[in-house]
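# Turn this into a model:
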Amino acid sequence: MFSSRWSIEILAALYIAGDRRFNELRTLLRGISSRTLSDKLTICAEHGLVDRVVEDGPPVRVRYRLTTHGRTCGRLLGLFLKIKEIEHCRLKQPIL
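Here you go, the predicted model:
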């Protein structure tokens with residue numbers, strides 16, 4: 001589950017940005033294809049990390065939100081991604 005690239009980013013994005021519709025998530029996650037996002041959201045839902053919430057009415061809308069378990073994972077993954085970003089910036093700086 002966490003070994004695939006996009007699962008971590010999806011959980012972190014939902015943790016940071018809150019509930020989002022499919023295309024909003026696609027915009028946040030630059031470079032992800034619709035197919036990959038759909039597959040990863042399905043896997044996250046199967047693992048009890050994400051809820052798929054269908055809103056009635058024309059048009060029918062679907063939102064994705066983190067479950068309690070997903071929020072716990074998102075909190076940890078958000079920190080992990082921040083550390084990864086800091087390390088990446090540190091490695092780019094020239095050595096004096």
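# Residue 59 falls within a strand, correct?
No - if the criterion is DSSP: H, G, I helix; E, B strand; the rest coil, then residue 59 is coil and not within a strand.
# what's the distance between it and residue 21?
Between residue 59 and residue 21 the computed distance is 11 Å (C-beta to C-beta, to the nearest Å). Any C-beta I mention is one placed from the backbone N, CA and C, and that applies to glycine too.
# Of those two, which one has the most company?
The neighbour count for residue 59 versus residue 21, taken as other C-beta atoms under 10 Å, is higher for residue 21 (14 against 5).
# Show me the strands in the protein, by range?
Remark: strands assigned in the chain by DSSP state E are 20-21, 50-55, 61-66.
# Mean pLDDT and distance to residue 36 for the ones you listed - can I get that in CSV?
Below are those laid out as CSV (pLDDT from 0 to 100; distance: least, C-beta to C-beta, whole Å):
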stretch, mean pLDDT, distance to residue 36
strand 20-21, 96, 16
strand 50-55, 95, 15
strand 61-66, 95, 14
